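Novice: prediction below, plus the sequence it came from.
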Amino acid sequence: MKSVLETINGGASYLEKREVEDARRNMEHLLAKVLECSRMQLYTQFDRPLEEEVLAPLRELLKKRGEGIPLQHLLGEVHFHGRDFTCDGRGLIPRPETEELVEMILKQMPGEGLQILDVGCGSGVIGLSLAAGKPDSHVTLVDISEDALELTRENAEKLGLGHVDIFQSNLLDQVTGSFDLIVANLPYVPEGEAATMARELAYDPSLALFSGVDGMDLLRRFIPVAYGFLKPGGWLALEIGYDQASQVRLCLERSGFTEIEVRKDLSGIARFPFAQHQ
Ligand code: GLN
């Protein structure tokens with residue numbers, strides 16, 4: 001019978017051969033899922049022999065991961081800013097950079113009782129993390145995709161966040177009221193990049209990724225309109241593509257925003273524009 005350690009080593013080399021990045025970490029996550037334990041708990045039971053009833057479902061998962069199905073979809077969950085969110089093909093898989101955006105907002109907006117709007121909420125990770133981090137605020141989450149909204153609703157329920165509003169809207173079309181903060185991680189990938197992207201990205205809804213030839217179509221539409229939905233002194237916070245900072249800055253200036261600052265992500269990429277309503 002194979003031990004936990006032998007199984008991890010074997011699975012990691014299987015995934016490596018199939019060009020899965022971080023093969024060993026992927027393997028550990030999959031084994032932990034089948035054993036219903038945490039990844040760290042694997043390290044305390046390296047010698048444990050594994051029965052066929054564990055190995056059979058594990059082989060299935062490994063096969064799928066080797067074919068390029070994203071780890072987060074196989075686990076059915078993603079850890080984001082300290083909480084576990086359901087993750088499947090209904091929404092974009094949350095990216096680690098986006099946690100940085102949430103962190104920056106929580107630092108930037110010390111006030112209480114804020115009106116917060118998340119546009120293009122996807123699985124809900126940004127808006128729901130803010131609702132959890134600022135329980136006295138009122139958070140509204142909108143998306144054009146009914147699938148994404150369903151996922152957001154499930155995540156809100158799972159996290160016990162009953163005090164949020166979730167509804168369908170194409171950008172701000174169905175939104176009323178004015179906000180202290182509008183946050184948006186809209187689709188920003190140029191359509192032409194589809195052919196060269198990592199195979200895992202084929203499992204993200206394309207509606208959540210692409211936005212015209214230069215990836216800027218939705219941002220160009222959204223930024224001027226967002227200005228009118230902010231209270232005086234209110235903030236807009238965005239996530240954008242690696243080479244879009246100067247265009248987005250221009251668009252923010254033309255729309256009347258002040259205090260424009262494009263903050264860097266941990267890789268040093270100008271990723272998060274923050275701008276204030278006059
Ligand atoms: N960061 C994602 C990617 O490059 C894109 C997310 C988005 O378009 N908002 O895969």
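Specialist: Thanks, I have it. Numbers count the residues shown, from 1 in each chain.

Novice: spatially nearest residue to Ser123, not counting backbone neighbours?
Specialist: Spatial nearest neighbour of Ser123, excluding adjacent residues (Cβ to Cβ, 6 or more residues apart in numbering): Gly91 at 3.7 Å. The way it works is simple: take the backbone N, C-alpha and C, and place the C-beta from them, glycine included.

Novice: what about Gly10, which SS state?
Specialist: Judged by DSSP: H, G, I helix; E, B strand; the rest coil, the three-state class of Gly10 is helix.

Novice: how many neighbours does Asn26 have?
Specialist: Asn26 is surrounded by 23 other residues when neighbours are defined as other Cβ atoms under 10 Å.

Novice: ok, now how distant is it from the ligand?
Specialist: The gap separating Asn26 from the ligand is 18 Å, by Cβ to the nearest ligand atom, to the nearest Å.

Novice: so where do the strands sit in the chain?
Specialist: 77-80, 83-86, 115-119, 138-143, 165-168, 179-184, 230-238, 258-264, 270-276 (DSSP state E).

Novice: dump these into CSV; add mean pLDDT and mean neighbour count as well.
Specialist: Output for the strands of the chain, formatted as CSV (pLDDT from 0 to 100; neighbours: other Cβ atoms under 10 Å):
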stretch, mean pLDDT, mean neighbour count
strand 77-80, 97, 18
strand 83-86, 98, 18
strand 115-119, 98, 25
strand 138-143, 98, 25
strand 165-168, 98, 15
strand 179-184, 98, 24
strand 230-238, 98, 19
strand 258-264, 98, 14
strand 270-276, 98, 21
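
Novice: quick one: those as CSV, columns for distance to Ile105 too.
Specialist: Shown next, in CSV, are these (distance: least, Cβ to Cβ, whole Å):
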stretch, distance to Ile105
strand 77-80, 14
strand 83-86, 16
strand 115-119, 9
strand 138-143, 11
strand 165-168, 18
strand 179-184, 6
strand 230-238, 5
strand 258-264, 11
strand 270-276, 9
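
Novice: what does the chain put close to the ligand?
Specialist: Contacts of the chain with the ligand, taken as Cβ under 6 Å from any ligand atom, map to 92, 95, 185, 187-189, 201, 209.

Novice: greatest separation within the residues you listed: which pair is it?
Specialist: The largest separation in these, counting by Cβ to Cβ, is between Asn185 and Leu201 at 15.1 Å.

Novice: the more surrounded of the two?
Specialist: For Asn185 versus Leu201, the count of surrounding residues by other Cβ under 10 Å is larger for Asn185: 24 against 16.

Novice: can you give me the pLDDT of that one?
Specialist: With respect to pLDDT, Asn185 scores 98.
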